[in-house]
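Student: what's the 3D shape of this:
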Amino acid sequence: MAKSKQQFKCSVCEGLTPKWQGQCPHCGEWNSLEPFTEIPIVRRRTEAAAPATFKTLIMSDQPRRFVSAIGEFDRVVSGGIMEGSIILLSGDPGIGKSTLALQLCKAFSKSQISVCYFSGEESPGQLGLRAKRLGFNHDGFKISSDMELNRIIAGLELEKPKIAIIDSIQTVYSPGLDSLPGSMQQIRECAAELMDCGKKNNICIIMIGHITKSGMIAGPKLLEHIVDTVLYLEGDKQHYFRILRSVKNRFGATHEIGIFEMKENGLQDIENPGDVFLSERKKGASGSVIACGMEGSRPLLVEIQALAARAAYGTPQRHASGIDPRRLQLLLAVIERKLNISVAQYDIFVNIVGGLTLKEPAMDLPVIAAICSSIRDFMIPENTVIIGEVGLTGETRSVMRIEQRVGEALRMGFNNLILPASARKKVHAENNNGNIRFIGDINDLLQTFI
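Tutor: As a prediction, this is how the structure comes out:
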């Protein structure tokens with residue numbers, strides 16, 4: 001018989017290492033390695049098992065979806081929650097996951113859709129205080145503080161709700177396992193059992209998951225693979241805006257976003273985010289440019305600000321907020337070489353107002369315009385929107401969905417647009433009202449304003 005081999009196992013990512021270390025070499029977590037004895041697997045002959053059960057494929061023309069009437073949420077889940085689906089809702093602590101879950105309970109209850117809420121984070125009294133703040137005026141759903149797996153499954157099979165919310169999956173535990181709640185083994189086992197219960201009883205289960213310090217969902221990566229939909233609630237706690245992002249959806253489009261504003265009575269939809277992000281723009285300031293980015297299928301008008309100040313030290317600073325810092329370094333090299341503007345003597349700061357992050361090529365041309373505007377101290381007209389990618393030779397390139405971006409800019413009243421020359425064929429003639437200028441090089445960009 002082969003001897004067992006002792007190793008060290010990470011409690012976060014389950015990675016194995018032969019020697020103990022302070023930091024896991026696989027995921028980077030500190031003090032997470034624990035002794036682990038690997039027992040060799042002995043293969044034995046087993047009796048013949050019963051054959052698998054086969055069923056006829058069900059072809060549904062109109063799958064049932066539960067619409068919450070929360071416009072931005074329904075947008076992210078492609079029009080509503082699919083019946084019997086398993087959803088993982090994750091985000092930073094205090095970002096608003098439980099608030100959004102209670103608002104969903106309120107919305108579904110009004111539509112006479114049965115909901116069961118299992119809370120391991122808050123007591124029923126604490127949930128009542130939160131519900132009162134959110135404006136609940138009826139008790140249309142059932143609450144439980146039991147987080148033992150077998151009791152949850154038995155309750156779901158008895159009540160047969162249409163939707164069940166688990167807040168959070170890290171607090172659910174199975175008494176048959178020796179590990180503590182929140183451990184890798186508990187999370188994997190409980191999530192698999194809940195998924196099996198939801199699929200058998202046609203119950204939509206929304207599991208709330210925590211985020212680790214590295215920004216990943218706490219628990220095994222398997223948790224993202226077994227669920228049908230993965231939603232991230234993002235946002236800076238210093239801002240009131242929250243972004244609900246879909247990164248996986250088996251029943252709809254991915255990379256769709258919903259934009260909310262955190263208020264005293266909960267998360268409120270922002271149907272026209274362009275008005276919000278541009279409402280406090282300063283008039284007549286240099287270094288300010290309006291750009292149009294894409295988040296999912298939604299075009300967003302945002303303000304890009306750049307500030308160039310004389311460097312106080314030998315090495316100039318480069319700081320980017322909302323765009324890729326490495327992309328900023330590339331664009332500064334293009335400015336230095338192709339526009340003959342010395343950027344080595346300036347500290348460069350670039351920011352997308354509102355806390356948004358848009359790491360896409362369409363931000364290249366407006367970022368260059370904002371930086372040049374700050375260095376040369378000239379103002380870009382307020383009704384101007386700049387869109388386009390920039391190559392290493394200084395040429396402008398078209399970007400995806402240029403027609404939607406142009407349409408959104410014109411709808412918001414920005415009738416002076418600067419686009420790449422290669423986008424001339426893509427922009428429809430009815431949108432070109434004489435105020436759209438096509439440029440082929442970044443030198444043409446400076447000639448437009450200077």
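Student: how long is stretch 401-420 from one end to the other?
Tutor: 13 Å (Cα to Cα, to the nearest Å).
Student: for stretch 396-410, same thing?
Tutor: 21 Å.
Student: in that stretch, what's buried?
Tutor: 396-399, 402, 405-410 (16 or more other Cβ atoms under 10 Å). Quick note: C-beta positions are derived from backbone N, CA and C, even for glycine.
Student: List of residues touching that stretch?
Tutor: 274, 290, 292, 294, 297, 299-301, 360-362, 365, 385, 387-391, 417, 419-423, 426-428, 431, 436, 439-442, 445 (Cβ atoms under 8 Å, 6 or more residues apart in numbering).
Student: hang on, isn't Y240 packed against M262?
Tutor: Yes - using Cβ atoms under 8 Å, Y240 is in contact with M262, at 5.0 Å.
Student: can you give me the helices in the stretch 301-450 of the chain?
Tutor: Taking DSSP state H, counting those that start in this stretch to define them, one finds helices in the stretch 301-450 of the chain at 325-338, 364-376, 402-411, 442-449.
Student: just these: most buried one?
Tutor: helix 364-376 (a mean of 25; mean count of other Cβ atoms under 10 Å).
Student: Quick one: mean pLDDT over that one.
Tutor: In this model, helix 364-376 has an average pLDDT of 95.
Student: As PDB, could you dump the C-alpha coordinates of that helix?
Tutor: Taking C-alpha atoms only, helix 364-376 is exported to PDB below (Å, rounded to 0.1, in the frame of the first residue of the first chain):
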ATOM      1  CA  ASP A 364      -7.900  56.900 -26.700                       C
ATOM      2  CA  LEU A 365      -8.800  60.000 -28.800                       C
ATOM      3  CA  PRO A 366     -10.700  61.900 -26.000                       C
ATOM      4  CA  VAL A 367      -7.900  61.200 -23.500                       C
ATOM      5  CA  ILE A 368      -5.300  62.600 -26.000                       C
ATOM      6  CA  ALA A 369      -7.500  65.600 -26.500                       C
ATOM      7  CA  ALA A 370      -7.900  66.200 -22.800                       C
ATOM      8  CA  ILE A 371      -4.200  66.000 -22.100                       C
ATOM      9  CA  CYS A 372      -3.300  68.300 -25.000                       C
ATOM     10  CA  SER A 373      -6.000  70.700 -23.900                       C
ATOM     11  CA  SER A 374      -4.500  70.800 -20.400                       C
ATOM     12  CA  ILE A 375      -0.900  71.200 -21.600                       C
ATOM     13  CA  ARG A 376      -1.700  73.900 -24.200                       C
END
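Student: And the contacts of that helix?
Tutor: So helix 364-376 is in contact with 286-291, 304-308, 323, 327-328, 331-332, 334-335, 339, 341, 343, 346, 348, 350, 379-380, 386-390, 396, 418, 420, 442, 445-446, 449-450, going by Cβ under 8 Å, 6+ apart.
Student: now with 6 Å?
Tutor: 286-287, 289, 291, 304, 306-308, 331, 380, 386, 388-390, 442 (Cβ atoms under 6 Å, 6 or more residues apart in numbering).
Student: Which among the helices of the stretch 301-450 of the chain is found nearest to L100?
Tutor: helix 402-411 (26.5 Å; Cβ to Cβ).
Student: Could you give the separation of that closest one from the chain centroid?
Tutor: From the chain centre to the centre of helix 402-411 is a distance of 24 Å (Cα atoms, centre = their mean, to the nearest Å).
Student: Also stretch 120-130?
Tutor: 27 Å.
Student: Just the CA atoms of it, as PDB, please.
Tutor: Output of stretch 120-130 as PDB, limited to C-alpha atoms (Å, rounded to 0.1, in the frame of the first residue of the first chain):
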ATOM      1  CA  GLY A 120     -27.700  34.400   8.200                       C
ATOM      2  CA  GLU A 121     -26.200  37.900   8.400                       C
ATOM      3  CA  GLU A 122     -29.100  39.700  10.100                       C
ATOM      4  CA  SER A 123     -31.900  38.800  12.600                       C
ATOM      5  CA  PRO A 124     -35.600  39.200  11.600                       C
ATOM      6  CA  GLY A 125     -35.600  42.400  13.800                       C
ATOM      7  CA  GLN A 126     -32.700  43.900  11.900                       C
ATOM      8  CA  LEU A 127     -34.300  42.900   8.600                       C
ATOM      9  CA  GLY A 128     -37.500  44.700   9.800                       C
ATOM     10  CA  LEU A 129     -35.600  47.900  10.400                       C
ATOM     11  CA  ARG A 130     -34.100  47.700   6.900                       C
END
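Student: Can you list the buried residues in it?
Tutor: Buried residues in stretch 120-130 (16+ other Cβ under 10 Å): 120-122, 127.
Student: now swap in stretch 263-275 and tell me
Tutor: Buried residues in stretch 263-275 (16+ other Cβ under 10 Å): 266-267, 269-270, 273-274.
Student: what comes into contact with that stretch?
Tutor: 71-72, 96, 99-100, 103, 134-135, 259-261, 276, 300-301, 412.
Student: Cross the residues you listed against strands and list the overlap.
Tutor: Here DSSP state E is the test, and the contacts of stretch 263-275 give 259-261, 300-301 as lying in strands.
Student: quick one: which of those is nearest to E83?
Tutor: Looking across these and measuring by Cβ to Cβ, the closest to E83 is F260, at 24.8 Å.
Student: partners of the closest one in the sheet?
Tutor: For F260, the beta-bridge partners under DSSP bridges are R242, D269.
Student: Show me where the stretch 101-250 of the chain has its helices.
Tutor: Under DSSP H, counting those that start in this stretch, the stretch 101-250 of the chain gives helices at 124-133, 149-159, 184-201, 222-226.
Student: relative to helix 184-201, how tilted is the second one?
Tutor: Counting by axes from the mean of the first three to the mean of the last three Cα atoms, to 10 degrees, helix 149-159 lies at 10 degrees to helix 184-201.
Student: buried ones in helix 149-159?
Tutor: For helix 149-159, a neighbour-count test (16+ other Cβ under 10 Å) marks 149, 152-153, 155-156 as buried.
Student: same check, this time on stretch 16-25
Tutor: C24.
Student: May I have the distance across that stretch, first residue to last?
Tutor: So stretch 16-25: terminal residues 9 Å apart, Cα to Cα.
Student: residue contacts, the nearest residue to S114 once chain neighbours are set aside?
Tutor: Among residues not flanking S114 along the chain, P161 sits closest, at 4.3 Å (Cβ to Cβ, 6 or more residues apart in numbering). Contacts for P161 (Cβ under 6 Å, 6+ apart) come out as 114-116.
Student: try 8 Å this time
Tutor: Here P161 is in contact with 114-116, 142, 203 (Cβ under 8 Å, 6+ apart).
Student: Show me which of the residues you listed is closest to D167.
Tutor: Distances from D167 to the contacts of P161, taken by Cβ to Cβ, are shortest for C116, at 11.3 Å.
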